[in-house]
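Here is a sequence together with a model predicted from it:
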Amino acid sequence: MSGLLKYLDTSPQGDESSSSLIEEYQEKIADLERKVDYLEQIVEVSQILNSTLELDALLRTITQVATELTDTEACSILLYDKEANELRFMPATVSASAEKILEVPVPLDNSIAGWVFRKKKPILIRDAKNDSRWNSNVDETSDFDTRSILGVPLKIKREVIGVMEVLNKKGEYGFNQDDIQITTILAAQVAVAIENARLWDDIRKAYKELTELDRLKSEFVSIASHELKTPLSVILGYASFLRDQVSGEATEQLDMVLSSAMKLRSLIDDMVNLRHVHNDDIQLDVEIFSMRKLVEDVLAEFQNLIKAKLLKVKLQFDKGDDPVDIEGDRQKIRLVVANLLSNAIKFTSDGGGILLGLGREGQKIYLRVADTGIGIAEDQFDKIFEDFYQVEPSLTRRFEGLGLGLPIVKGMVETHNGSIMVESVLGKGSQFIVILPISVYL
Ligand code: ADP
């Protein structure tokens, strides 16, 4: 016989000392079993903690487990109220018969809970009423008769947010070291639960505010764009009329009026288009047209800008003379090509190069807009397709724009059942590749 068994041998031959050793080990085993039992219940609480955001239900479970494990009559949780600089009972931890104590504040001075809160450490009091810090208000209001108290602070990192107390240890021996340990572990769970609930509440509030802001923004955009469009058309109409009537210096000035009004119109169009992308209500006006002609037309629109920056533009049609006809909304695909080309021009310095490529593979068309410009860091590849996102913050940036071009491009491409990709090396250049089905109905 060896090891533990030797001591657990209960045969009559065992002498006095071996029987006392057996008792000692049996006690230790019972003690271990009790601890395993505690741990099992604490693990259960952690599991609930991970699976629920219902703070009230969770706190009820924790206080119940706390009273069971510490063999006490009650457990309460008090939270610090910053504004009033006092502690308050949490409703979930107060029984229906003692609801009146929710009205009773617990001061930080002259109270046991206040002492735990201030000192940030546990306290164990066997005879509460004879303690100099005893505050009788709560008992008087609730008809509860407090005898002994074990209080521990509720801590989130280093900050104490409240106090948890178990009251009136049953039996004759009073609180012990295990009780302190159990209550401290459960208090940590309570603190995490409260912190999670607070964070969750903050997120919910922020989300509500955001939703409201988003609604207001959409409403504003739709009203503003509608209200701006009419006077702008009048300005554009009269300015073009006058431009044809005058000569000399006035021509230049009217050209400036016209170009600024056109910029404004394109900003308004961007906002309207983006709203349609988000509302998923893009109406497609489908026709069959030549992609090659479209690319050439868009390029012609940008000739002045290209010349001004001395950019070298190369057109590359992979299928030679194949006109690459496509069935889709010409206006919307024009927006795609125009936005990508406009970015390529904007983000490439004078004298740089741009390549516009078009190819077809089976039922798919590839459009490539590449430049030798400033490039985009890889961690920005997804972000640049978000609304109003610009790699350089708008106040310090050197380039014009609202950060709406790419989200609109992506929206238009996707409504044509296509996709867009970006490849880029910072400082070397970027390339956007659009893949479109040859027909939007495919
Ligand atoms: P905008 O051009 O109005 O700023 P976009 O949505 O078209 O808005 O583009 C978002 C951002 O993506 C740009 O501000 C820029 O930082 C980056 N970007 C887009 N195209 C290019 C490009 N060809 N080269 C470098 N950066 C680009």
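Cool, got the structure. Bear in mind the structure is a predicted one, so any value in this text is a computation, not a measurement. Residues are numbered from 1 along each chain as shown.

May I ask which helix or strand encompasses residue 366?
If you go by DSSP states H and E, residue 366 is part of strand 364-371.

where in the chain is pLDDT low?
1-16, 48-53, 96-97, 319-323, 394-397 (pLDDT under 70).

domains for it, by residue range?
The record's domain parsing of the chain by automatic domain parsing lists 22-202, 204-279, 286-437.

Which one of those domains lies nearest to the ligand?
The ligand sits nearest to domain 286-437 of all these, at 2.3 Å, using Cβ to the nearest ligand atom. From N, CA and C alone the C-beta is placed, and that goes for glycine too.

and the closest one, does that touch the ligand?
Yes - Domain 286-437 reaches the ligand (Cβ under 6 Å from any ligand atom) through 339, 343-344, 347, 371, 373-374, 376, 384, 389-392, 401-406, 430.

Tell me the span between the first and last residue of that domain.
Using Cα to Cα, to the nearest Å, the end-to-end distance of domain 286-437 comes out at 13 Å.

so how far is it from its chain's centroid?
Centroid separation for domain 286-437 versus its chain: 31 Å, with Cα atoms, centre = their mean, to the nearest Å.

Use 42 as the first number for this chain going forward.
With the count now opening at 42, the last piece we talked about shows up as domain 327-478.

In this structure, mark out all the strands, start to finish.
113-122, 127-130, 147-148, 164-166, 190-197, 200-210, 327-331, 353-358, 366-370, 394-402, 405-412, 460-466, 470-478 (DSSP state E).

Export these as JSON lines, with columns for mean neighbour count and distance to residue 287.
As requested, the strands of the chain are exported to JSON lines (neighbours: other Cβ atoms under 10 Å; distance: least, Cβ to Cβ, whole Å):
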{"stretch": "strand 113-122", "mean neighbour count": "21", "distance to residue 287": "73"}
{"stretch": "strand 127-130", "mean neighbour count": "20", "distance to residue 287": "77"}
{"stretch": "strand 147-148", "mean neighbour count": "18", "distance to residue 287": "83"}
{"stretch": "strand 164-166", "mean neighbour count": "19", "distance to residue 287": "90"}
{"stretch": "strand 190-197", "mean neighbour count": "22", "distance to residue 287": "72"}
{"stretch": "strand 200-210", "mean neighbour count": "22", "distance to residue 287": "72"}
{"stretch": "strand 327-331", "mean neighbour count": "14", "distance to residue 287": "37"}
{"stretch": "strand 353-358", "mean neighbour count": "13", "distance to residue 287": "33"}
{"stretch": "strand 366-370", "mean neighbour count": "20", "distance to residue 287": "38"}
{"stretch": "strand 394-402", "mean neighbour count": "18", "distance to residue 287": "35"}
{"stretch": "strand 405-412", "mean neighbour count": "20", "distance to residue 287": "38"}
{"stretch": "strand 460-466", "mean neighbour count": "15", "distance to residue 287": "44"}
{"stretch": "strand 470-478", "mean neighbour count": "21", "distance to residue 287": "41"}
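
Any idea how many residues pack against residue 388?
Residue 388 has 20 neighbours, counted by other Cβ atoms under 10 Å.

Which residue is the nearest non-sequential neighbour of it?
Closest residue to residue 388 apart from its sequence neighbours, by Cβ to Cβ, 6 or more residues apart in numbering: residue 414 at 4.0 Å.

Hmm, the one you found is touching residue 394, no?
No - with contact defined as Cβ atoms under 8 Å, residue 414 and residue 394 do not form a contacting pair (9.2 Å).

which neighbours do these two share?
Shared contacts of residue 414 and residue 394 (Cβ atoms under 8 Å, 6 or more residues apart in numbering): none.

so residue 167 touches residue 189, yeah?
Yes - if you go by Cβ under 8 Å, residue 167 and residue 189 touch, sitting 5.1 Å apart.

Name the residues contacting each of the two.
Applying Cβ under 8 Å, 6+ apart, one finds that residue 167 and residue 189 are jointly contacted by 215, 216.

out of those two, which sits in the busier spot?
Taking neighbours as other Cβ under 10 Å, residue 167 and residue 189 compare with residue 189 leading, 19 against 13.

Correct me if wrong: that one contacts residue 172.
No - with contact defined as Cβ under 8 Å, residue 189 and residue 172 do not form a contacting pair (10.2 Å).

shared neighbours, these two?
residue 166.

ok, back up a step: could you tell me which of the residues of domain 327-478 next to the ligand belong to helices?
Among the residues of domain 327-478 next to the ligand, the members falling in helices (DSSP state H) are 380, 384, 385, 446, 447.

ok, which pair from those residues is furthest apart?
Spatial extent of these (Cβ to Cβ) is set by the pair 385 and 447 at 12.1 Å.

higher neighbour count, the two?
More crowded of residue 385 and residue 447, by other Cβ under 10 Å: residue 385, with 27 against 22.

I'm done for today, thanks for sticking with me.
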